[in-house]
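Enquirer: quick check, what structure comes out for this input:
(2 chains)
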Protein chains: 2
Amino acid sequence: MRYTWLNNRLLPTAEALIPVTDRGFKYGDGVFETIAVHGGVPYQFAWHMERLRHGLAAIRIECGLSDIQAQCRQLLEKNAVRDGLLRLQVTRGSGGAGYLPDAQSPPTLVIQTLPMPQPPQAPVSLWLSGYEKISPRALPVQYKTCQGLNSTLARLEASEHGCFEALLLNGQGHVTETASGNIFWLHDDVLHTPALSCGVLEGGMRAAIIRLSPYEVREVAATPDALAGADAVLISNVVWKALAVNRLLPTSYQWKSEAIVENLRRLLAEDINGYCKGHAGDWQ
Amino acid sequence: MRYTWLNNRLLPTAEALIPVTDRGFKYGDGVFETIAVHGGVPYQFAWHMERLRHGLAAIRIECGLSDIQAQCRQLLEKNAVRDGLLRLQVTRGSGGAGYLPDAQSPPTLVIQTLPMPQPPQAPVSLWLSGYEKISPRALPVQYKTCQGLNSTLARLEASEHGCFEALLLNGQGHVTETASGNIFWLHDDVLHTPALSCGVLEGGMRAAIIRLSPYEVREVAATPDALAGADAVLISNVVWKALAVNRLLPTSYQWKSEAIVENLRRLLAEDINGYCKGHAGDWQ
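Expert: Take a look at the predicted model:
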């Protein structure tokens, strides 16, 4: 879109350029947040700011965020965003000797708005990825670090197999999440999702679904065969909200997830609508 | 330094800027090479180009490299580099829906020269990292992907414990490498280094040391206690060449590595000198 914040300057997006020395570009050394904007209001904004702060602490970047809400509000107005995505990224800036950062270098802060992509309108297929999910002992994977190559390779692999998304297991063979979202499955009226300790992004829609679920929710460590007998499988992120899954390739697992997921989608839509109306005063 | 190649344009470095939409910046979605330049000649240039090609294939980026040697030569001349570093980075460029790339978007190619950092002049200490090395089943770690956050966090942690570098283990508890280089240890006249299958960068200096070693070389899967009885420990990369290690904290392991490492350093220096003199005609 037309304008982008770069380090406290609101610039025409074509002028929002960073040096090739930025550690974001060299090493993916940063964190980001992607927030759904509906009716001009970023859904769960305070929650995302809290996750951003925790992510920054986990990767030891100090970045003042006291103006962040005002900056986001101004950008949404400037770009006339009613429904879209708000993306914030903080990197460690330039400097340092190789991987060892220079403690004096200021971070880089980018705030953008993006159009809301159209989510699939029909249930989607997953590919059981040959790539293992990065361990939470290697990276703080519960936050959105700018380490996106594992997800990129898994999505490319899924795409080559004709699937919409990839499902990744951890080193113990437990289900973690898809390349771009969290996963849930309903079995015997219990909604299951991988526990954060499995090495899972703490997604905003994951949190909302857990909060809103009409079913008991269990956070579990489960192998993919736990999905075989599920009544429904869904994946969630800021774009899809809740998206029905109909099969997992190359296994023969299939599900008729639509009705159950449609119910969760309705609950999410009501919550989003309520939140964004309730917080409109903070933003306009 | 003064000039930088960016996508086939040789620019003043201050003008070598990339858009915030570049997947290198957003996700660390790329690979790079760092090459030692001595007497104006990049050491093991063909080897690095081969690793770059394999790295690009591993992460599925297509990038024509037919002009790369001419571009590097021109940059070394323009920046009048006799001794320094040549750094090449290729990212997947902009575009795509989240992690899923857009197959049509051209990659981003950056070629820079950098001053050669001064390596430590005395043996260094290592910190046994609390961060686990990223698994080769999650990422093609034998290549220099732009996924540098694990190494960054490990170096910060080591630094906070007063150590020069971090030693990382894999998920099986085996020694892999340091945050920024490979590791070797001499025991009973056998030079040991972790096997690539442990999840190790295939470093250029690692390859040179294996080629030049006056000792039998064994590539092994070993836990850190294998280092306890070693006669010498050294770490290697393009800056350090071979660097003596005197202790591993928080263990009590200590070594008097200097004499043995000095011998390897001399062999490396002769090889570098011979290579760069032998290839001077290719470059000047």
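
Enquirer: strands along the stretch 101-250 of chain A, start to end?
Expert: A:108-115, A:124-128, A:165-169, A:175-178, A:182-187, A:190-194, A:216-220, A:232-237, A:241-249 (DSSP state E, counting those that start in this stretch).

Enquirer: within range of chain B, give me the residues from the stretch 51-200 of chain A.
Expert: Selection of the stretch 51-200 of chain A residues close to chain B by CB under 8 Å from any CB of the partner chain yields A:59-60, A:89, A:91-92, A:97-101, A:110, A:112, A:117, A:131-135, A:137-139, A:145-156, A:159, A:171, A:179-180. Bear in mind the C-beta positions are built from the backbone N, C-alpha and C, glycine included.

Enquirer: please indicate which of these are buried?
Expert: Buried residues within these, counting neighbours by 16 or more other CB atoms under 10 Å in any protein chain shown: A:59, A:89, A:91-92, A:98-101, A:110, A:112, A:131-135, A:137-139, A:145-156, A:159, A:171, A:179-180.

Enquirer: could you pull up phi and psi at A:K277?
Expert: phi -70, psi -40 (degrees, to the nearest 10).

Enquirer: tell me the pLDDT of the closest residue to it other than its chain neighbours.
Expert: Of all residues not flanking A:K277 in the chain, A:G39 sits nearest, at 7.0 Å (CB to CB, 6 or more residues apart in numbering or on different chains). Note for A:G39: predicted pLDDT of 95.

Enquirer: tell me the contacts of A:G39?
Expert: Contact analysis of A:G39 by CB atoms under 8 Å, 6 or more residues apart in numbering or on different chains lists A:R82, A:D83, A:C276, A:K277, A:A280.

Enquirer: next: A:A244.
Expert: Contact partners of A:A244, counting by CB under 8 Å, 6+ apart, are A:P123, A:V124, A:A232, A:V233, A:L234, A:W255, A:S257, A:E258, A:I260, A:V261, A:E262.

Enquirer: out of the residues you listed, which comes closest to B:K241?
Expert: A:V124 (51.1 Å; CB to CB).

Enquirer: please report how far that closest one lies from A:R247.
Expert: Distance check for A:V124 against A:R247: by CB to CB, to the nearest Å, it reads 9 Å.

Enquirer: check A:L52 too.
Expert: 35 Å.

Enquirer: need the per-residue pLDDT for the nearest residue to A:K144 once chain neighbours are set aside.
Expert: If you skip the residues right next to it in sequence, A:K144 has A:F32 as its closest partner in space, 5.2 Å away by CB to CB, 6+ apart. A:F32 carries a pLDDT value of 98.

Enquirer: so A:F32: helix, strand or coil?
Expert: strand (DSSP: H, G, I helix; E, B strand; the rest coil).

Enquirer: mind listing what it touches?
Expert: A:R87, A:L88, A:Q89, A:V90, A:K144, A:C146, B:K26.

Enquirer: ok so, going back, of A:V124 and A:R247, which one has the most company?
Expert: With neighbours defined as other CB atoms under 10 Å in any protein chain shown, A:V124 and A:R247 compare such that A:V124 has more, 22 against 17.

Enquirer: can you redo the contacts of A:G39 as TSV with secondary structure, pLDDT and distance to A:A242?
Expert: What follows is the contacts of A:G39, written out as TSV (DSSP: H, G, I helix; E, B strand; the rest coil; pLDDT from 0 to 100; distance: CB to CB, whole Å):
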residue	secondary structure	pLDDT	distance to A:A242
A:R82	coil	95	22
A:D83	coil	96	18
A:C276	helix	95	17
A:K277	helix	95	21
A:A280	helix	92	24
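
Enquirer: which among these end up buried?
Expert: Restricting these to buried positions leaves A:C276, with burial counted as 16+ other CB under 10 Å.

Enquirer: tell me the one among the contacts of A:G39 nearest to chain B.
Expert: Sorting the contacts of A:G39 by distance to chain B puts A:D83 at the head of the list, at 16.7 Å, by CB to the nearest CB.

Enquirer: was I right to think the closest one contacts A:Y43?
Expert: No: contact criterion CB atoms under 8 Å: A:D83 and A:Y43 do not qualify, at 10.6 Å.

Enquirer: need the overlap of contacts for these two.
Expert: Counting by CB under 8 Å, 6+ apart, the residues touching both A:D83 and A:Y43 are A:V37.

Enquirer: need the contact list for the closest residue to chain B within the stretch 1-150 of chain A.
Expert: Among the residues of the stretch 1-150 of chain A, A:G28 lies closest to chain B, at 2.1 Å counting by CB to the nearest CB. If a contact means CB under 8 Å, 6+ apart, then A:G28 has A:145-149, B:24, B:27-29, B:146-149 as its contacts.

Enquirer: give me that answer again for 6 Å
Expert: Shown in contact with A:G28 (CB atoms under 6 Å, 6 or more residues apart in numbering or on different chains): A:C146, A:Q147, B:G28, B:C146, B:Q147.

Enquirer: and A:L17, by the same measure?
Expert: The contact partners of A:L17, by CB under 6 Å, 6+ apart, come to B:L17.

Enquirer: torsion angles phi and psi at it?
Expert: For A:L17, the backbone dihedrals are phi -120, psi 150 (criterion: degrees, to the nearest 10).

Enquirer: just checking, which helix or strand of chain A averages the lowest pLDDT?
Expert: When each helix and strand of chain A is scored by mean pLDDT, DSSP states H and E, helix A:280-283 comes last, with a mean of 86.

Enquirer: tell me which residues in that one are buried?
Expert: Buried residues in helix A:280-283, counting neighbours by 16+ other CB under 10 Å, are found at A:W283.

Enquirer: kindly export that helix (C-alpha atoms) in CSV.
Expert: Output in CSV follows, covering the C-alpha atoms of helix A:280-283 (Å, rounded to 0.1, in the frame of the first residue of the first chain):
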residue,chain,number,x,y,z
ALA,A,280,-13.4,1.3,17.3
GLY,A,281,-13.0,4.2,19.7
ASP,A,282,-9.4,3.4,20.2
TRP,A,283,-8.7,3.6,16.5
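
Enquirer: what about the helices in the stretch 1-150 of chain A?
Expert: Taking DSSP state H, counting those that start in this stretch as the criterion, the stretch 1-150 of chain A contains helices spanning A:23-27, A:45-58, A:68-78, A:149-160.

Enquirer: what's the most buried one of the ones you listed?
Expert: Highest mean neighbour count among those (mean count of other CB atoms under 10 Å in any protein chain shown): helix A:23-27, with a mean of 29.

Enquirer: which strands and helices sit next to it?
Expert: Identification of packing neighbours for helix A:23-27 by 3 or more CB pairs under 6 Å, 6 or more residues apart in numbering or on different chains; DSSP states H and E yields helix B:23-27.

Enquirer: chain center to the helix it packs on: distance?
Expert: Its chain's average C-alpha position is 20 Å from that of helix B:23-27, according to CA atoms, centre = their mean, to the nearest Å.

Enquirer: what about that helix, average pLDDT?
Expert: 98.

Enquirer: equivalent analysis for stretch A:121-130, please.
Expert: When pLDDT is averaged over stretch A:121-130, the result is 97.

Enquirer: stretch A:138-154 now?
Expert: On average, stretch A:138-154 scores 98.

Enquirer: ok, back up a step: tell me how far the least confident helix or strand of chain A lies from the chain's centre.
Expert: 24 Å.

Enquirer: touching that helix from outside, list them.
Expert: By CB under 6 Å, 6+ apart, the residues outside helix A:280-283 that reach it are A:G40, A:V41, A:R73.

Enquirer: quick check: the gap between the residue lying closest to the second one once chain neighbours are set aside and A:G203.
Expert: Once its chain neighbours are removed from consideration, A:V41 has its nearest residue in A:C276; the separation is 3.9 Å (CB to CB, 6+ apart). As for A:C276, its distance to A:G203 is 18 Å (criterion: CB to CB).

Enquirer: please tell me how far A:L56 sits from A:Q69.
Expert: Counting by CB to CB, the gap from A:L56 to A:Q69 is 16 Å.

Enquirer: OK, contacts around the residue nearest to A:V41?
Expert: Going by CB under 6 Å, 6+ apart, A:C276 touches A:H38, A:G39, A:V41.

Enquirer: at 7 Å instead, please
Expert: Contacts here follow CB atoms under 7 Å, 6 or more residues apart in numbering or on different chains; on that basis A:C276 touches A:H38, A:G39, A:V41, A:Y43.
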